[in-house]
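*Asks:* coords please:
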Amino acid sequence: MIPSKPEHAGTVYVETYGCQMNVSDSELMLGKLAAHGYEAVDTPDGADVILVNTCAIRDHAEQRVLGRLGELKRNMKPGAIVGVTGCMAQRLGPKLLDRAKHVSLVIGPDGYRALPALIEAARRGERTIATTFDLEEHYEDFQPRRFDKVKAWIPVQRGCDYRCTYCIVPTTRGPERSRALADVVREVEATVDEGMSEVVLLGQTVNSYHDGRHDFADLVRAVGAVPGVRRLRFTSPHPNDFGDRVIDALSTVDAVCEHVHLPMQSGSTRILKRMLRRYTREGYFDCVARLRAAIPGLALTTDVIVGFPGETDEDFDETLSAVREIGFADGFTFKFSPRDGTPATRMPAELTVPDAVASERLAELVATIRSQSRAANMQQLGQRYEVLVEREARRGGDLVQTRTRDFKTVLIPGDASMLGQYLTVEITGTTGSTFTGRVVRERQPLPMAG
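*Replies:* Below is the predicted model of the structure:
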């Protein structure tokens, strides 16, 4: 019997903030609501349901969301339901209902299964909080409504057990738990059937994946063996979890791309210990050396925090020297942002780094990374790379954005008809972070195995 089509329940708009895990969660929410008759729309104006999927990693992200909630209140149609989901919802809970009276729903990352019922209750005038952790929840029966038609974000792990002293994630997403390998492979196979050839495995410390029988090395090999997967990426790993088995899998599975985002956070062993990162400066350098020895042409990107409590000029100099010695292709850089409930907020007040000092350090760090990245990128002019056409370029002008295997962004002439194609391009210019190129030869899709 053909299942009946669900009755139209209204329109829903989801606005996403934060990391790729939040993007994936938004796709899950849209898929769940679509199965209950909701139609996704691209703007909040006129939507029956507005969901803001939030990040809590820094205070700035939360303030931005609070401001956005005010904007939505001014423009939403009468009778519309507004909900806040994700990490900020988990962290603040009932405080959000107090601060934003037009918000009816506050739902943490483990509460999306009940979303349709909670929305219906909100339509009856109820205001609901759903922030209980469910350590068995992986949303295996959800059919995500994907935003991207070229690559798929595949969550393989939820939560985190590392408990770095600055990080709110264990509070907002709970303890670490991994999906069964077979379930991940099933989802990857489904994305290939939908026409996507690149997958990105997601986890808070993704390379610590273990489902009780299989580790991250097993997962990489299994996903890389799925017919039709041409590119395999993952984010974000932890330096401590790159054991020999994992590095061997990364170096021998053809689909694995030559790029690793490897958060460093600080180049000072003293600050790393205070952050409870559980590795030293030397340990991080050793991880970099082993990865580069195993994967020729590897590009590394990173995360760095400046102004952590107790960071001295000497500590910061060690961070700068690490950045220069390693030669990151790019980096995400931040001033320390204290989050209520994390151990870093309980450190002695005299360890606080003045904001002006942290700002100066951040500016110097950004300039250092950009300078060495620009110098390295100039050496790429005239080189040829395989690229995957990801989307139309934001700046328009009949350009499309493409990506190399080692994560370079290359803009080339083109239009939406090229999305999903693999091409060979020659690098013709660089702005310092983004490249321009020209197509020199089209690559035909590889024949499917099987």
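
*Asks:* CA atoms for contacts and neighbours, from now on please.
*Replies:* Fine.

*Asks:* Dump stretch 63-83 to PDB, restricted to CA.
*Replies:* The C-alpha trace of stretch 63-83 is given here as PDB (Å, rounded to 0.1, in the frame of the first residue of the first chain):
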ATOM      1  CA  GLN A  63      23.600  38.100  21.700                       C
ATOM      2  CA  ARG A  64      23.200  37.900  17.900                       C
ATOM      3  CA  VAL A  65      20.400  35.400  18.300                       C
ATOM      4  CA  LEU A  66      18.600  37.500  20.900                       C
ATOM      5  CA  GLY A  67      18.800  40.500  18.600                       C
ATOM      6  CA  ARG A  68      17.500  38.400  15.700                       C
ATOM      7  CA  LEU A  69      14.500  37.200  17.800                       C
ATOM      8  CA  GLY A  70      13.600  40.800  18.300                       C
ATOM      9  CA  GLU A  71      13.700  41.400  14.600                       C
ATOM     10  CA  LEU A  72      11.500  38.300  13.900                       C
ATOM     11  CA  LYS A  73       8.900  39.500  16.500                       C
ATOM     12  CA  ARG A  74       8.500  42.800  14.600                       C
ATOM     13  CA  ASN A  75       7.900  41.100  11.200                       C
ATOM     14  CA  MET A  76       6.200  37.800  11.900                       C
ATOM     15  CA  LYS A  77       2.600  37.300  10.900                       C
ATOM     16  CA  PRO A  78      -0.100  37.100  13.500                       C
ATOM     17  CA  GLY A  79      -0.500  33.600  15.000                       C
ATOM     18  CA  ALA A  80       3.000  32.400  13.900                       C
ATOM     19  CA  ILE A  81       4.900  30.100  16.300                       C
ATOM     20  CA  VAL A  82       8.500  31.000  17.200                       C
ATOM     21  CA  GLY A  83      10.900  28.400  18.600                       C
END
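
*Asks:* which other residues reach it?
*Replies:* 44-52, 54, 100, 102-107, 119, 122-123 (Cα atoms under 8 Å, 6 or more residues apart in numbering).

*Asks:* Checking the closest residue to G432 other than its chain neighbours next. Helix, strand or coil?
*Replies:* Computed as Cα to Cα, 6 or more residues apart in numbering, the closest residue to G432 that is not its neighbour in sequence is R374, at 4.3 Å. For R374, the assignment made with DSSP: H, G, I helix; E, B strand; the rest coil gives helix.

*Asks:* which of the contacts of stretch 63-83 count as buried?
*Replies:* Neighbour counting with 16 or more other Cα atoms under 10 Å marks 44, 46-52, 54, 102-107, 119, 122-123 as buried within the contacts of stretch 63-83.

*Asks:* Off-centre distance for the strand or helix carrying G70?
*Replies:* Assessed by DSSP states H and E, G70 sits inside helix 59-75. Computed by Cα atoms, centre = their mean, to the nearest Å, the chain-centroid distance of helix 59-75 equals 21 Å.

*Asks:* May I see the buried residues of it?
*Replies:* 62, 65, 69, 72-73.

*Asks:* and F332, how many residues sit next to it?
*Replies:* 14 (other Cα atoms under 10 Å).

*Asks:* Tell me how far it lies from D303.
*Replies:* Separation of F332 from D303 (Cα to Cα, to the nearest Å) stands at 5 Å.

*Asks:* do the same with G31
*Replies:* Counting by Cα to Cα, the gap from G31 to D303 is 31 Å.

*Asks:* more neighbours, the two?
*Replies:* Shown here are G31 and D303; by other Cα under 10 Å, G31 has more neighbours (19 against 15).

*Asks:* Identify the residues contacting that one.
*Replies:* Applying Cα under 8 Å, 6+ apart, the residues near G31 are 142-145.

*Asks:* any chance of these in CSV, with pLDDT too?
*Replies:* Below are the contacts of G31 laid out as CSV (pLDDT from 0 to 100):
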residue, pLDDT
F142, 94
Q143, 94
P144, 94
R145, 94
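
*Asks:* Just among those, which is most surrounded?
*Replies:* Using other Cα under 10 Å as the neighbour test, the contacts of G31 are led by P144, with 21 neighbours.

*Asks:* isn't that one right up against A35?
*Replies:* No: using Cα atoms under 8 Å, P144 is not in contact with A35; the gap is 9.9 Å.

*Asks:* ok, now how distant is E386 from R231?
*Replies:* From E386 to R231 the distance is 11 Å (Cα to Cα).

*Asks:* Give me the common contacts of those two.
*Replies:* Both E386 and R231 are in contact with R405, where contact means Cα under 8 Å, 6+ apart.

*Asks:* Many thanks, I have nothing further to ask.
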